[in-house]
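Asks: got a sequence here, can you build the structure:
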Amino acid sequence: MSTFHLTIASIGETKFDGDAQSAIFPGSDGEFTVLAHHEPLVSTLKPGHVHVRDAAGVQHAFNITTGVVEVSANHAIVLI
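Replies: Numbers count the residues shown, from 1 in each chain. Predicted coordinates for the structure are as follows:
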């Protein structure tokens with residue numbers, strides 16, 4: 001399966017930095033999934049969980065209270 005590079009970071013801490021098959025985000029306007037080669041977008045995030053399936057297929061979950069995600073050029077950056 002195709003992957004994209006995902007970075008999830010807060011001030012002073014990187015929670016995830018690597019290749020991912022998919023990531024599900026709690027967007028302000030509803031939940032959405034990012035896959036490899038996703039169209040560029042910027043979205044604010046509401047409280048909830050970010051669910052990541054890494055390149056090996058292992059599931060990860062990160063609790064967030066707020067944040068923003070930017071997706072472009074097969075790379076997603078999440079600031080929480």
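Asks: could you say which helix or strand contains Ile8?
Replies: Using DSSP states H and E, Ile8 sits in strand 4-10.
Asks: if you average pLDDT over that strand, what comes out?
Replies: The average pLDDT for strand 4-10 rounds to 98.
Asks: what angle do the helix or strand following it and strand 4-10 make?
Replies: Counting by DSSP H and E, the next helix or strand C-terminal to strand 4-10 is strand 13-27. For strand 13-27 against strand 4-10, the angle by axes from the mean of the first three to the mean of the last three Cα atoms, to 10 degrees is 110 degrees.
Asks: what residues does the helix or strand that comes right after strand 13-27 touch?
Replies: For strand 13-27, the following helix or strand on the C-terminal side (DSSP H and E) is strand 30-35. Residues outside strand 30-35 that contact it (Cβ atoms under 8 Å, 6 or more residues apart in numbering): Ser2, Phe4, Gln21, Ser22, Ala23, Ile24, Phe25, Ser43, Gly48, Val69, Val71, Ala76. The way it works is simple: take the backbone N, C-alpha and C, and place the C-beta from them, glycine included.
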